[in-house]
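Enquirer: Fold the following and give me the result.
(one chain, ligands or ions: 1)
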Amino acid sequence: MVKAVFKKKYTIKKLSYISKIVQNTIYLKGKFFIPSDKKCIFEQKLMDTSNTQGISFIPSENQRMIQQMVRDFAEKEIRPNVMDWDESQHFPVELFKKMGKLGIMGVLVPHEYGGAGLGYFEYINVIVEIARVCGSIGLSVAAHNSLCTNHILTFANETQKQKYLPKLASGEWIGAWALTEPNTGSDAMRMKCTARKEGKQWILNGTKCWITHGKTGDVVVVIARTGELLDSHGMTAFVVERGTPGLKAGKKENKLGMRASETAEVIFEDCHIPEENVLGQVGEGFIQAMKILDGGRISIASLGLGIAKGAYDAALKYAQEREQFGKPIAHFQAIAFKLADMATKIEAGELLTLQAADLKNRHEKVTKESAMAKYYTSEIAVQIANDAVQVFGGYGYTKDFPVEKFYRDAKLCTIGEGTSEIQKLVISREVLQ
Ligand SMILES: Cc1cc2nc3c(=O)[nH]c(=O)nc-3n(C[C@H](O)[C@H](O)[C@H](O)COP(=O)(O)OP(=O)(O)OC[C@H]3O[C@@H](n4cnc5c(N)ncnc54)[C@H](O)[C@@H]3O)c2cc1C
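Expert: Take a look at the predicted model:
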């Protein structure tokens, strides 16, 4: 009955509509559960299970619906423009407004603030399906949802949530999140951007760099120094609206890949903001940022997974069509084994990402698991895109086929939101505790 409704209506419905019909079907020990309270039944079934080997991450009907809807949207609205946007480094603002109407700009935001009210499994599907077609758009959707919007959702007070979340979730506003500075990337604790209190205002000074939507973003969540250098309680998060005097966009970067995702400097010059714009407590900004990155890494894991899937799909198809020595190149073991390696790495990356998403959905600590998912899927995205170019041979090296772009885009995943080396630092700290 429920399936029939889905099959008829899935194509271009809002994500929130889908989530309202069926709240997260769960597949466990060979059975589907369609609970009214997902968390409660999931935990109950886990307790009934003597070990966790029976758990399957087979997607629910709800997740399949969302996946199909986003896939259809990406094929129709993104695929035809991918190379134009890439060549011209055009950040397609109108596309984000359309995605806002579908609920893609507020996937994790509860219905009460105008979002789709979904969980991390659905969020992964959204990012994967977009990145499978275009990594740049995947990156921008990820940064908007899991950095800026999620910071406000997690740490803002009720007034701030009411003010910002509906605009961000509907795509009316595009969000940016500014932590990195020219001299402090991995070592964010040494940031130089300062916020000084004067009466009921804070005055921001400094430069943030590499900021996704640094020019176009309507609202920026910024972490600035309010205390001593190297004091983890010496930084505070603020929300700043575009148009505030003293907030300027600097240089837009000309990048190797992810070229349709805008990356720019954000400059604060005596930028006065009211004290109501502090997010959470003064001194908690760095700790908040680390928590946001724990979730953000699930986004980048999904981004890597989507890029890997896109490159693999293209290579799989091409290997069966392209003939050399009188047969499809897929019949040569060297190529078939590459495809086998790609498929295996994708499934391993998917399981790591789902594991992190599951913990996040259950509000459990996810530091190690999200770092592992991010580290692994980023690295395999680069390897798979590289192998895909190899499968295409000379054609893979041209812009007439999609794999060269996946190859360029994939590299960002090993850098943004903490490099692969920093992920290994995080994982090793966790396992050595
Ligand atoms: C396209 C793009 C979009 C981005 N979007 C945003 C955004 O929206 N908001 C934001 O705040 N930032 C953003 N960033 C910044 C990104 O998070 C940083 O680039 C990243 O954290 C790395 O910092 P860095 O570039 O300064 O490199 P560095 O920290 O200078 O690192 C250089 C090299 O040294 C290694 N290294 C550094 N420290 C260690 C260590 N302790 N042990 C071992 N190796 C180490 C690194 O792994 C790396 O290989 C973006 C970057 C890019 C490229």
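Enquirer: The residue of the stretch 101-250 of the chain found nearest the ligand and I292, how far apart?
Expert: Scanning the stretch 101-250 of the chain for the residue nearest the ligand gives G185, at 1.7 Å (criterion: CB to the nearest ligand atom). Glycine gets a C-beta too; all of them are placed from N, C-alpha and C. G185 sits at a distance of 16 Å from I292 (criterion: CB to CB, to the nearest Å).
Enquirer: out of the two, which sits in the more crowded spot?
Expert: Neighbours of G185 and I292, each counted by other CB atoms under 10 Å, are more numerous for I292; the result is 24 against 15.
Enquirer: picking up where we left off before, excluding covalently adjacent residues, which one is nearest to the residue of the stretch 101-250 of the chain closest to the ligand?
Expert: For G185, the nearest residue in space outside its immediate sequence neighbours is W210; the separation is 7.7 Å by CB to CB, 6 or more residues apart in numbering.
Enquirer: Could you pull out the buried residues of the helix or strand where that neighbour lies?
Expert: Take DSSP states H and E as the rule and W210 turns out to sit in strand 201-212. Of the residues in strand 201-212, those with enough neighbours to count as buried (16 or more other CB atoms under 10 Å) are 202-212.
Enquirer: just checking: which of those residues also lie near the ligand?
Expert: Taking CB under 6 Å from any ligand atom as the test, the ligand is in contact with 210-212 out of these.
Enquirer: okay, those in a markdown table with pLDDT next?
Expert: Shown next, in a markdown table, are those (pLDDT from 0 to 100):
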| residue | pLDDT |
| --- | --- |
| W210 | 97 |
| I211 | 98 |
| T212 | 98 |
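Enquirer: and the stretch 251-400 of the chain, which of its residues are near the ligand?
Expert: By the criterion of CB under 6 Å from any ligand atom, the positions of the stretch 251-400 of the chain lying close to the ligand are 255, 258, 263.
Enquirer: Can you check these and name whichever has the most neighbours?
Expert: Each of those was scored for neighbours by other CB under 10 Å, and M258 scores highest at 29 neighbours.
Enquirer: what about that residue, which SS state?
Expert: coil (DSSP: H, G, I helix; E, B strand; the rest coil).
Enquirer: go on, M69?
Expert: M69 falls in the helix class when you classify it by three-state DSSP.
Enquirer: Quick check: the gap between it and the ligand.
Expert: M69 is 27 Å from the ligand, where distance means CB to the nearest ligand atom, to the nearest Å.
Enquirer: Residues of the stretch 51-200 of the chain that sit close to the ligand?
Expert: With CB under 6 Å from any ligand atom as the criterion, the stretch 51-200 of the chain comes near the ligand at residues 143, 177-180, 185-186.
Enquirer: among these, which ones are buried?
Expert: 143, 177-180.
Enquirer: ok, back up a step: which two of the buried residues of strand 201-212 have the greatest separation?
Expert: Taking CB to CB, the two most distant members of the buried residues of strand 201-212 are I203 and T212; they sit 25.1 Å apart.
Enquirer: what element comes up after the host helix or strand of F121 heading to the C-terminus?
Expert: Counting by DSSP H and E, the element that carries F121 is helix 120-131. Per DSSP H and E, helix 120-131 leads on to helix 135-142 as the next helix or strand towards the C-terminus.
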